[in-house]
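> Have a look; sequence and predicted model below, questions after that.
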Amino acid sequence: MWPTKWYYNNAFASGLATLYLFPIPTSTTLTGAMYYPAPLTQFATFTETLVLPPGYQRMMIKDLAVEIAPAFNVQPSPLLMRQAMDARGVVKRGNVQMRDLSFDAGVLLGHGGDYSILEG
């Protein structure tokens, strides 16, 4: 049986969360994926290796240049600002998670907001 609904209990105080599926899956072969934002951890040493997806190194270099320019009494050039924005855009586009299924709720008029593709 495939789950059609879920409830996420954050339980922030305990630091643990629970995901309840309904109906309870009866197959052991079902798989799922959960995505969550996680901050980068602070580096322990200057020699620590960090592996990031394509585009991150350029973004970090350009953003760092913009960030430290005032410390050197330099105004970032319009070219540098544009390059930093472009680099951030590349990373943001690469991090967009497509939804598995999405549609306008207006499609469900007359169904009470609850519709099953299997049942029609």
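Sure thing, it's come through.
> For the helix ranked longest in the chain, list every residue counted as buried.
With secondary structure taken from DSSP state H, the chain has its longest helix at helix 78-94. By neighbour count on 16 or more other Cβ atoms under 10 Å, the buried set for helix 78-94 is 83, 84, 87, 91. Heads up, the C-betas are built off the backbone N, CA and C, glycines and all.
> With adjacent residues omitted, what lies nearest to the second one?
Translated: residue 84. Excluding its sequence neighbours, the residue lying closest to residue 84 (Cβ to Cβ, 6 or more residues apart in numbering) is residue 62, at 3.9 Å.
> Then the first one?
Setting aside the residues directly before and after it, residue 83 is nearest to residue 62 in space (Cβ to Cβ, 6+ apart), at 5.1 Å.
> Quick check: that neighbour is in a helix.
Yes - Residue 62 forms part of a helix when assessed by DSSP: H, G, I helix; E, B strand; the rest coil.
> now the strands for the chain?
5-9, 18-22 (DSSP state E).
> now the farthest one out in this protein, which residue is it?
residue 73 (35.9 Å; Cα atoms, centre = their mean).
> can you tell me how far that one sits from residue 24?
Going from residue 73 to residue 24 by Cβ to Cβ, to the nearest Å gives 64 Å.
> now residue 32
Taken as Cβ to Cβ, the span from residue 32 to residue 24 is 14 Å.
> Residue 46 now?
Distance of residue 46 to residue 24, given as Cβ to Cβ: 50 Å.
> Tell me which of these two has more neighbours.
Using other Cβ atoms under 10 Å, the more surrounded residue of residue 46 and residue 24 is residue 24, with 8 against 5.
> confidence score at the more buried one?
Listed pLDDT for residue 24 reads 85.
> mind checking the backbone torsions on it?
phi -60, psi 130 (degrees, to the nearest 10).
> Might you report the residue contacts of it?
Residue 24 makes contact with 1, 3, according to Cβ atoms under 8 Å, 6 or more residues apart in numbering.
> now do residue 19
Contacts for residue 19 (Cβ under 8 Å, 6+ apart) come out as 6, 7, 8, 9, 34.
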